[in-house]
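**Student:** coords please:
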Amino acid sequence: MKTPVAFIIFKRPDTTEKVFEVIRQAKPPKLLVIADGPRADKLGEAEKCAAARAIIDRVDWDCEVLTNYSEINLGCAKRVSSGLDWVFDNVEDAIILEDDCVPNPTFFQFCEELLERYKDDHRIFSISAQNVQLGSKRTEYSYYFSRYNHCWGWATWKRAWQHFDFDMKLWPEVREKRLLYEMLGYINGVKYWEKNFQATYEHQRDSWSYRWTFACWIQRGLTIIPNVNLVSNIGFGADSTHYKKNKSKFNNAPTEAIEFPLKHPPFVMRNMNADIFTQKTIYSHRWLKELKARIKNIIRTYIVRS
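**Tutor:** The predicted model follows:
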């Protein structure tokens, strides 16, 4: 393996160790570790942060280890974004893993080959491990192209990350000119993303990933999605920053090895059917999902009684 790995950790030594073991098997030549500091009002969090960082001391392969540890708590948005700024001050490309995202071992080779293949193709902004098509194969090739840049295990280049803007300075213009309609093409998707981009812009959401999505979209950047799921998120639960409930269909989702040699698509075109499914499955208003579920239950009850 030749590609650096950036590893984002915080306060969960149990999940950190599981992801670390997969990285250890891959043996990257350079490991860049980003860690947030403990919150002063959270009892025992300093000890948990220290335990997570101690796992990094167990690197036992030929590897240059660089650390970017914050002694104060910056929060998810500022810590991840500032950490990735630091990563791309040091390297030209990287595979990026958080402390609760366990990749299939084939993910590393998948990223490495595609980072090289598309390094000069400025249409491509990232390579994802996550496939959210719930078993549906969307292409006869090893991967397809999407507007959605899933970040449960991903890779990118310095040339793409340079477009990241924490302040989202272009959002007011995009909102006022209604440019999301041009990007997305359907109103339910626009409403979802307008709401979340606005909340992020106003610092009501502690999210770096919405900022990254916005940066990709305004450059019309595409993400490579594997035709099988290559990552399992084991971080759902009470100790999670964003996913307190563990009822999600993507909690601990199984992974599947991708086959080599990769079968590359002969074109760079967004898979619209896959993206529509992704929008409806993940990025839609909860009230709409609940309303549809209630309507289905009413119909079932009526049929049974009839």
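
**Student:** What ranges does the stretch 151-300 of the chain have for its helices?
**Tutor:** In the stretch 151-300 of the chain, helices defined by DSSP state H, counting those that start in this stretch lie at 158-161, 171-176, 179-184, 187-201, 209-218, 272-281, 286-305, listed in chain order.

**Student:** winner for burial among the ones you listed?
**Tutor:** Of all these, helix 209-218 carries the top mean neighbour count, a mean of 21, counting by mean count of other C-beta atoms under 10 Å. Just so you know, the C-beta spots here come from the backbone N, C-alpha and C atoms, and that holds for glycine as well.

**Student:** How far does it sit from its chain's centre?
**Tutor:** Relative to its chain's centre, helix 209-218 lies at 12 Å (C-alpha atoms, centre = their mean, to the nearest Å).

**Student:** That helix to helix 187-201, inter-axis angle?
**Tutor:** With axes from the mean of the first three to the mean of the last three C-alpha atoms, to 10 degrees applied, the angle from helix 209-218 to helix 187-201 works out at 120 degrees.

**Student:** about what we covered before: how about the helices of the stretch 151-300 of the chain in CSV, adding distance to V59?
**Tutor:** Listed next are the helices of the stretch 151-300 of the chain as CSV, based on distance: least, C-beta to C-beta, whole Å:
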stretch, distance to V59
helix 158-161, 24
helix 171-176, 40
helix 179-184, 42
helix 187-201, 35
helix 209-218, 27
helix 272-281, 36
helix 286-305, 42
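
**Student:** can you list these in JSON lines and add mean pLDDT and distance to L115?
**Tutor:** Listed next are the helices of the stretch 151-300 of the chain as JSON lines, based on pLDDT from 0 to 100; distance: least, C-beta to C-beta, whole Å:
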{"stretch": "helix 158-161", "mean pLDDT": "98", "distance to L115": "11"}
{"stretch": "helix 171-176", "mean pLDDT": "97", "distance to L115": "29"}
{"stretch": "helix 179-184", "mean pLDDT": "88", "distance to L115": "25"}
{"stretch": "helix 187-201", "mean pLDDT": "92", "distance to L115": "27"}
{"stretch": "helix 209-218", "mean pLDDT": "97", "distance to L115": "16"}
{"stretch": "helix 272-281", "mean pLDDT": "92", "distance to L115": "22"}
{"stretch": "helix 286-305", "mean pLDDT": "55", "distance to L115": "36"}
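
**Student:** SS state for F7?
**Tutor:** strand (DSSP: H, G, I helix; E, B strand; the rest coil).

**Student:** check contacts around it.
**Tutor:** F7 is in contact with V19, F20, I23, L31, L32, V33, I34, I56, L97, D99, counting by C-beta atoms under 8 Å, 6 or more residues apart in numbering.

**Student:** for the first one, what are its contacts?
**Tutor:** Right, V19. Per C-beta under 8 Å, 6+ apart, neighbours of V19: F7, L97, E98, D99, D100, C101, V102, P103.

**Student:** what about the nearest residue to the third one once chain neighbours are set aside, neighbour count?
**Tutor:** Okay, so that is E98. Nearest non-adjacent residue to E98, counting by C-beta to C-beta, 6 or more residues apart in numbering: I8, 4.6 Å away. Using other C-beta atoms under 10 Å as the criterion, I8 is surrounded by 26 other residues.

**Student:** I'd say I8 and I95 touch.
**Tutor:** No. In this structure, I8 is not within contact of I95 by C-beta atoms under 8 Å, at 11.7 Å.

**Student:** Output the below-cut-off pLDDT ranges for this structure.
**Tutor:** Confidence mapping of the chain against pLDDT under 70 gives the ranges 237-248, 285-306.

**Student:** Give me the domain ranges for it.
**Tutor:** 1-99, 103-151+158-306 (automatic domain parsing).

**Student:** May I have the distance across the shortest one, first residue to last?
**Tutor:** Same thing as domain 1-99. 21 Å (C-alpha to C-alpha, to the nearest Å).

**Student:** how far away is N131 from T16?
**Tutor:** Going from N131 to T16 by C-beta to C-beta, to the nearest Å gives 24 Å.
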